[in-house]
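[1] sequence first, predicted coordinates after that:
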Amino acid sequence: MPKTIKMTLKSLPLCISAGLAATAAGTVHAEDIEWAGFVENATYYRDGVGMSKFRNTAQAEFFRSIQSDTWRNVSINGTLRGTYDGVYDLNDDEFGKDATQPYLGADWHDSDISSPTILSAGVPFPCENDPTLCHNLDGYMDQEEKDAKFPEFNDRLDFIREFYVRGDLPLDNGDVLSVTLGKQQVVWGKTDLFRVLDVINPVDYSRHNIYDELEDIRIPQWMVNATWRMGATETFDDINLSFVWNFDKFRPNNLGTCGQSYKILDAGCFFSSRLGPWPIIHDVEEPSWSLKNSQFGLKWEGVYGDATFSLNALHYRQQLPSLHFRYNPAFDPLSPVAPGNTPFLEDGVFDIKFPRVNLIGGAIDYYSMNIDATWRLELAYSEGEELPRDTDGHKESDMLRYVIGFDKNLVIPALGTSSAFLISAQLFGEHILDHVEDMPNEEDNWISTLLFKGWYMNNRLSPQVIIAHDFGGKATVIAPSVSWTPDNHWMFNLGLNVKTGGDETFAWSVAGTETYEPLARFTNGPIGVANREDEIQLTVRYSF
């Protein structure tokens, strides 16, 4: 480690964490550092396209225990990750700054020659191909090709996946105050693929759409997470109260830049396209760092018999972009949109904003001894979200989201193993309380998921299948795979990812011409818009 450290604002959170750890711990004694990690290659081949991923990852995790005379279980924890995706060198005809697209949405639907599109194809990596679009995107979804090749090595220090100090402070009444300070993931809820309460950290969908584990695609943030553990009471078997303060600079979800191999909803190409001579995006209004722009939440959770529950409240910013039409001041912005009454200026059609959102919700897990299974329910009600619409760009609406889950381990002797299979089913629901007819999103929509996973050969061989179906988008993904771990170091995983459906359309009539763009992508959802991304996938990992 260098003996001279240059202090910058970017390094300040690291210094704060280390300083507070040393101060709060009182008299301390540091133990040896424990290391673990892995190196991994993930190679994916997409039907009709060729190689779609050649991701090489090295990840190291460290843990250092600190003995203190006042705090207990004090430790410094960290995860470092570096990635090189060689697909931009090995298949640069399809992905990268020189990728081409005949029309917007060519990756996921056929062109409609009866209604000629009025939007140009998206510009791949606009900061390397179109300075105007790069300027208008203003730092949002405008990465250069090198940023896609090496996604963690940027000015936000994303190679530091986690770096935090945690410790327990015993209180005089027997309660315990647990504090975690630093760059971390704070997880509310227990869902897979899609999120209901688990919205504190933004998500990087450019890594592999919705299909990677959330643990791998959440974007860690600098936060304080403090939990007051009160233990058992006369009523409850256990209760605690948590406070989380996200004091990091706001970051939205990473949806993928045009030219990348994964760009959820094809949004990156839409944002880097044009309506005639005008850019689609005029400006991106990301909030600057300040205390008033920080985010915070409370969670009260407990245990009562066979039920574990929580009540949650969160004040945060919407992590998906909201499109705001920029009406020409020469016209009445409340008048109907018609040819000649153009709702834009010459330097862009939309502004992108990220509104403030208030969320309240809760979760309950109930273990039923009669059927030896767990039922899960999560519910979230939010106000302040903004959803896309046809004639006015966006509309603010209260939202209700929920998930019903069922988990069971079941021994099935007919399948040739005495190990239990895991069956996990989820039904996600969404209700738009202020729905209007020109929204591409259905007023009510549901997505169902099913995981079926087994183990053979003393748990060394594990086949599984994941199925997800979007009812509104009429789209399905089926992902069978088999994982083999011959020893404690090596892991091999071979899988398929196959999609069907996604053929729904939604007219966009702003310029008086019905086209497929851009709102069909919201109707078809993340599965439908990826309906041409069928892949065979091989992952090899060595752990140490």
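    Received, thanks.
[2] the helices in the stretch 101-250 of the chain, which residues?
    Under the criterion DSSP state H, counting those that start in this stretch, helices of the stretch 101-250 of the chain are mapped to 131-137, 145-149, 214-217.
[3] how about the first one: buried residues?
    Right, the one you point to is helix 131-137. Buried positions in helix 131-137, judged by neighbour count with 16 or more other C-beta atoms under 10 Å: 133, 134, 136, 137. All C-beta atoms are positioned from the backbone trio N, CA, C, and that covers glycine.
[4] what's the farthest-apart pair in the residues you listed?
    134 and 136 (7.4 Å; C-beta to C-beta).
[5] re the thing from before, ok, which of the helices of the stretch 101-250 of the chain comes nearest residue 442?
    helix 214-217 (24.4 Å).
[6] may I see the buried residues of the closest one?
    The neighbour-count check on helix 214-217 (16+ other C-beta under 10 Å) flags 214, 217 as buried.
[7] again with stretch 265-282
    265-275, 278-282.
[8] can you give me the end-to-end span of that stretch?
    20 Å (C-alpha to C-alpha, to the nearest Å).
[9] would you map the helices across this protein?
    For the chain, the helices defined by DSSP state H occupy 12-24, 87-90, 131-137, 145-149, 214-217, 267-271, 520-528.
[10] could I get these in a markdown table, plus columns for mean pLDDT and distance to residue 318?
    Below are those laid out as a markdown table (pLDDT from 0 to 100; distance: least, C-beta to C-beta, whole Å):
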| stretch | mean pLDDT | distance to residue 318 |
| --- | --- | --- |
| helix 12-24 | 47 | 24 |
| helix 87-90 | 96 | 30 |
| helix 131-137 | 93 | 18 |
| helix 145-149 | 95 | 24 |
| helix 214-217 | 94 | 18 |
| helix 267-271 | 92 | 14 |
| helix 520-528 | 88 | 15 |
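[11] the stretch 251-400 of the chain: strands as residue ranges?
    Secondary structure of the stretch 251-400 of the chain (DSSP state E, counting those that start in this stretch): strands at 274-275, 278-279, 281-285, 295-304, 307-317, 322-325, 350-353, 356-368, 373-389, 393-411.
[12] closest to residue 467 out of these?
    Residue 467 lies closest, by C-beta to C-beta, to one member of the strands of the stretch 251-400 of the chain: strand 393-411, at 14.4 Å.
[13] distance check, residue 94 against residue 457.
    Applying C-beta to C-beta, to the nearest Å, the value for residue 94 to residue 457 is 38 Å.
[14] more neighbours: these two, which one.
    More neighbours surround residue 94 than the other of residue 94 and residue 457, with 21 against 12 (other C-beta atoms under 10 Å).
[15] you'd agree that one is up against residue 48?
    No. Residue 94 is beyond contact range of residue 48, at 9.7 Å (criterion: C-beta atoms under 8 Å).
[16] shared neighbours, these two?
    Common contacts of residue 94 and residue 48 (C-beta atoms under 8 Å, 6 or more residues apart in numbering): none found.
[17] show me the shaky parts of the protein.
    Across the chain, residues meeting the criterion (pLDDT under 70) sit at 1-30, 112-117, 327-346, 505-517.
[18] how far away is the residue minimising distance to the centre of it from residue 281?
    Nearest to the geometric centre of the chain sits residue 203, at 2.4 Å (C-alpha atoms, centre = their mean). Distance, residue 203 to residue 281, using C-beta to C-beta: 21 Å.
[19] likewise for residue 131?
    Per C-beta to C-beta, residue 131 is found 14 Å from residue 281.
[20] go on, residue 38?
    From residue 38 to residue 281 the distance is 39 Å (C-beta to C-beta).
[21] list the contacts of residue 316.
    Residue 316 sits in contact with 199, 200, 246, 295, 297, 356, 357, 359, where contact means C-beta under 8 Å, 6+ apart.
[22] same thing with residue 538?
    Applying C-beta under 8 Å, 6+ apart to residue 538 gives the contacts 42, 43, 44, 492, 493, 494, 495.
[23] again, only this time at 10 Å
    Residue 538 makes contact with 41, 42, 43, 44, 45, 492, 493, 494, 495, according to C-beta atoms under 10 Å, 6 or more residues apart in numbering.
[24] which one of the residues you listed is nearest to residue 526?
    Among the contacts of residue 538, and counting by C-beta to C-beta, the member closest to residue 526 is residue 44, at 17.1 Å.
[25] so what's that closest one closest to, chain neighbours aside?
    Residue nearest to residue 44 in three dimensions, not counting chain neighbours: residue 53, with 3.8 Å by C-beta to C-beta, 6 or more residues apart in numbering.
[26] count the neighbours of that neighbour for me.
    22.
[27] give the contact list for it.
    Taking C-beta under 10 Å, 6+ apart, one finds 41-46, 85-87, 91, 95, 207-208, 261-262, 535, 537, 539 in contact with residue 53.
[28] PyMOL command for the buried members of the residues you listed?
    To isolate the buried members of the contacts of residue 53 in PyMOL, using 16+ other C-beta under 10 Å:
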select buried, resi 42+43+44+45+46+85+87+91+95+207+208+261+262+535+537+539
